[in-house]
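Student: All I have is the shape, not the residue letters:
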């Protein structure tokens, strides 16, 4: 099935620079403008020799070294005549992926150098409420590479504007029409998805769903200008799809250019370890014929853990740690002041007390002992005897009693 890019991709729309084909650029100049009429309004679009032919943009197929003639119409919607500068420039993509034309201050290297105007038509004066058809020629270099090349034809109104403070500025008001030239040869339409990342954004107290922010970069790695229809899906730990979303269609991406997208997918049920899947179905310009590959896909994993589940896990790990320490620490040793001092008090007790550690002083060599000479007997000291007193009793001893002498 062939998909085409709608009219939104078939026109140039740059604020204060380019407008849609068949739509005028509104350049409202006040009475403080010098060198330009008030309310200057003009436009540009593809044309035949006699006037606009209904084309929204220029699309030309050519071989290397070929030449082609065409026309562009510049219309003045104002009441007074306008003098406009006609030029050609290269097509580019902005960082946001929009189509744009290279500023006149930068030198063109592609289509802008292939388009040539007659010297007398590089600056034209268009009467009020009228149009001028400008012819031009396209000369494709023999060294042109196969594939799509983009550029544009512009009409610029140059004026000097004076501000309220009296300062003067040069004002350039430009409108343009796209030019697409496909050089014959092998075509390789290809988009590359890279740098895919996802981050879950759930509330701290959330017990339901949250939002996932998915970022990714799309690069046109082929030689065909392509758009794309983007789809995103979020799946959980067991592969169950929990939410999906879509991004705005990828605008026309020229070969060699890339754009980074950031898409929020709401209604995501956190399932710990999750997967973000990105799919881009290519779109082509109307009128072009080529075989397109299937959708380009990519994915990235990310964590999505509810905070209350994380709290429960932390509490569980803490409780397990306390139990493990108590299980492997062994019996608790009683305080030192509660140990019994008498070993006999420990008899009959099932608890064995570990003996106190006794510090044994380091032994040194014994000191010499002086032994007295016992060859001569020493006189023994005889203690002084004291008289022995025998108590007397007044009572008579019974018969048979006596005192042994």
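Tutor: On my side now, so go ahead. It should be emphasised that the depicted structure is a prediction, and the values quoted were computed from it without experimental measurement.
Student: where do the helices sit along the protein?
Tutor: Secondary structure of the chain (DSSP state H): helices at 307-329.
Student: Point out where it drops to low pLDDT.
Tutor: 1-39, 203-207, 238-239, 287, 308-310, 330-405 (pLDDT under 70).
Student: From the domain annotation, what segments belong to each domain of it?
Tutor: 7-183, 191-308 (automatic domain parsing).
Student: would TSV of those with mean neighbour count and distance to residue 318 be doable?
Tutor: From N, CA and C alone the C-beta is placed, and that goes for glycine too. Below are those laid out as TSV (neighbours: other Cβ atoms under 10 Å; distance: least, Cβ to Cβ, whole Å):
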stretch	mean neighbour count	distance to residue 318
domain 7-183	17	48
domain 191-308	17	16
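Student: Make a markdown table out of those and add distance to residue 320.
Tutor: Shown next, in a markdown table, are these (distance: least, Cβ to Cβ, whole Å):
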| stretch | distance to residue 320 |
| --- | --- |
| domain 7-183 | 51 |
| domain 191-308 | 19 |
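Student: how about the ones you listed, which one is nearest residue 316?
Tutor: domain 191-308 (12.8 Å; Cβ to Cβ).
Student: check contacts around residue 216.
Tutor: 193, 194, 195, 196, 197, 260, 261, 278, 298 (Cβ atoms under 8 Å, 6 or more residues apart in numbering).
Student: now swap in residue 97 and tell me
Tutor: Applying Cβ under 8 Å, 6+ apart, we find residue 97 in contact with 250, 251, 253, 257, 259.
Student: how far away is the first one from residue 181?
Tutor: As defined by Cβ to Cβ, to the nearest Å, residue 250 lies at a distance of 22 Å from residue 181.
Student: Grab the nearest non-local neighbour of residue 191.
Tutor: Spatial nearest neighbour of residue 191, chain neighbours left out: residue 296 (4.7 Å); criterion: Cβ to Cβ, 6 or more residues apart in numbering.
Student: What's opposite that neighbour in the beta bridge?
Tutor: residue 280 (DSSP bridges).
Student: ditto for residue 138
Tutor: residue 68, residue 115.
Student: What residues are bridge-paired with residue 158?
Tutor: Note on residue 158: beta-bridge partners residue 172, judged by DSSP bridges.
Student: Tell me if I'm right that it and residue 174 touch.
Tutor: No. Residue 158 lies out of contact with residue 174 (Cβ atoms under 8 Å); the separation is 9.7 Å.
Student: Closest one to residue 114 out of the contacts of residue 97, please.
Tutor: residue 257 (19.2 Å).
Student: how much space between the closest residue to that closest one other than its chain neighbours and residue 255?
Tutor: Closest residue to residue 257 in three dimensions, ignoring its sequence neighbours and counting by Cβ to Cβ, 6+ apart: residue 93, at 4.0 Å. The gap separating residue 93 from residue 255 is 10 Å, by Cβ to Cβ.
Student: swap in residue 59?
Tutor: Between residue 59 and residue 255 the computed distance is 16 Å (Cβ to Cβ).
Student: on that earlier part again, just give me the closest of the contacts of residue 216 to residue 231.
Tutor: residue 278 (7.7 Å).
Student: what is the closest residue to residue 249 other than its chain neighbours paired to in the beta sheet?
Tutor: In this structure, residue 249 finds its nearest non-sequential neighbour in residue 229, 5.5 Å apart by Cβ to Cβ, 6+ apart. Per DSSP bridges, the residues bridged to residue 229 are residue 281.
Student: just the one 5 residues further on next, same as before
Tutor: Beta bridges link residue 234 to residue 243, residue 276 when assigned by DSSP bridges.
Student: Surely it is in contact with residue 265?
Tutor: Yes. Between residue 234 and residue 265 there is a contact under Cβ under 8 Å: 5.6 Å.
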